[in-house]
Structure formats: structure tokens, C-alpha cells
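[1] The following comprises the amino acid sequence and a computationally predicted model.
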Amino acid sequence: MSRYYWIREAREPRQTGHLDASHPWGLPGLSCPTCGVTWAGSASAFPSVDLTSLPERAAFEKAQPEPLDEFARRRELVRPLVPPGAQLLPGVEFGPLEGTASGSFGQFFLQSAWMPLIRREAWERLQSAGLRGLRAFPTRLRFRQKNPPELLELELTAQGNLHPDCFLPEFPTRCAHCDRLGARRPEIMILEAASLPDQCDLFRLADFETTLIGTERFMNTVRRLGLDGAECDALTVR
Ligand SMILES: [Zn+2]
């Protein structure tokens, strides 16, 4: 069976990178009358998705929560513009990352799961190594320093679930109305083998989008190329 790894920020003292940035558009949060929760559970961003062609684009610039009907209506407006099968949870963001950046950056910059970044030269080496299912797009970050790095944003799809065993003794329920999974991420994660993608070397976990998962091929490539900024911890798969 293939091995999978939890990919997290490996912050080195000499890396002082800091971002003050955001994506221009997003789906609103959702206010659900059934479970009584107002939530915006997405950590995903689609930097490739441009909403300027939507007549209602201004509605995607505001972040306040909406009732399910309105949330669902807006989600259908963007669905034709996003990659097929994309998980579009409340709070998902779109468009190129804009803002300011300062300090020094490793090859990966994973401080925020909402905006995983990679230097262009590292991205080109990953592509040459034949990693599957990864996409990266230009950012619009402004640096005050001289010779700034060129940072791209990784567009990672949400795929794969946790195995029910890691929620024992009681599997959490999903709200039938808004589909919210009422659970915290378990301390010990076990991936459900059958749910994992077979053509993608780096992705977000569908159940907890802040969690980035890499394949053994990803981990080996990152180590072989000596790319810094990312830490890989082996996960159990069942
Ligand atoms: Zn609900």
C-alpha cells in the first residue's frame, strides 16, 4: 500500500517570511437553521478562478454569512468556473493572492493552509520530477525588499477522508441540511485508503481542508531535491 504524509510548515529561524494578503473573491459563510451553526469551514483557494466575468461578482467580495439558499445560489454561479469535482465549502476563496510580503522565504511557505506558496524555481523542479496533480499560479504580492522571491500559490484540491476508526468511540454526524461535519480533527489521523486519490501527489484532506497530504513520491522528491520549508510526517492508512 502507498504511504502518505502530513505536510506542514517547517519553519527555520532564518526564514522570516510574513504575508499580509488575501484573495479577491470568496463564497460567503453559511448560517444553518438546522444545526444552528454559522460556519465557513473552507481552507481552499482557487487562484486560477477569475470571477470578473460574473455580473454578480460584487456579491463575492463580501464575507458575511448567508442563509443556505443564498449560499447555494452563489455556489452554483461559480461552479462552472472551478475545476470539476471541486469541494466548494462556505468560505472558499478565488482569484490571485494579493497583498504585501516581507522577510525571507524557504522553497515552500506553508504558514497558512489558506495560501500554500512555493518559489518558482522549486515549482519548476517539482514539475520536472513528474509529480502528478499539482497546479500553481502567480501571486500579486508586493515586496518592499530588493530581489524578492517569485512566489506561486499552489492550488490543491480537497480529496480523501479520515477513517471512521480515528473518531472512535463515536463517529461525528454530518448536518443533513448544510453538510457540516461536527468534529474537531482527531489528534491521531488515520486515512481511509479507498478514499485517497491515485493521480495526485499533494492534496487537501476533504474532511479537514487545512490538512495537506502528500504521497511518498512527493516526500521523496522534496527530500531528494533538498527543498526546505515543508515537514513530512508519516500517516497511518487503513
Ligand atoms: Zn447545518
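    Yep, it's here.
[2] what ranges do the helices span in the protein?
    Secondary structure of the chain by DSSP state H: the helices cover 68-78, 120-128, 216-225.
[3] mean confidence score for the second one?
    Helix 120-128 shows an average pLDDT of 97 in the prediction.
[4] that older thread, export the helices of the chain as JSON lines, with columns for mean neighbour count and distance to F108.
    (Glycine included, C-beta is placed from N, CA and C.) What follows is these, written out as JSON lines (neighbours: other CB atoms under 10 Å; distance: least, CB to CB, whole Å):
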{"stretch": "helix 68-78", "mean neighbour count": "15", "distance to F108": "28"}
{"stretch": "helix 120-128", "mean neighbour count": "16", "distance to F108": "7"}
{"stretch": "helix 216-225", "mean neighbour count": "17", "distance to F108": "8"}
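[5] Out of those helices, the one nearest the ion is which?
    The ion lies closest to helix 68-78 among the helices of the chain, at 7.8 Å (CB to the ion).
[6] Columns distance to the ion on top of the helices of the chain, output as a markdown table?
    What follows is those, written out as a markdown table (distance: least, CB to the ion, whole Å):
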| stretch | distance to the ion |
| --- | --- |
| helix 68-78 | 8 |
| helix 120-128 | 38 |
| helix 216-225 | 34 |
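[7] Check the spacing between the residue nearest the centre of the chain and the ion real quick.
    Taking CA atoms, centre = their mean as the criterion, S44 is the residue nearest the geometric centre of the chain, at 3.9 Å. For S44, the distance to the ion equals 19 Å [CB to the ion, to the nearest Å].
[8] Now distance to H18 too, for the helices of the chain, in a markdown table please.
    Below are the helices of the chain laid out as a markdown table (distance: least, CB to CB, whole Å):
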| stretch | distance to H18 |
| --- | --- |
| helix 68-78 | 30 |
| helix 120-128 | 19 |
| helix 216-225 | 23 |
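[9] now for the ones you listed, which one comes closest to S22?
    Closest approach to S22 among those (CB to CB): helix 68-78, 17.2 Å.
[10] The closest one packs against which elements?
    The contact analysis (3 or more CB pairs under 8 Å, 6 or more residues apart in numbering; DSSP states H and E) places helix 68-78 against strand 30-31.
[11] Would you mind pulling up the elements that the strand it packs on packs against?
    strand 38-39, strand 66-67, helix 68-78.
[12] switch the cut-off to 7 Å
    Packing partners of strand 30-31 (3 or more CB pairs under 7 Å, 6 or more residues apart in numbering; DSSP states H and E): strand 66-67.
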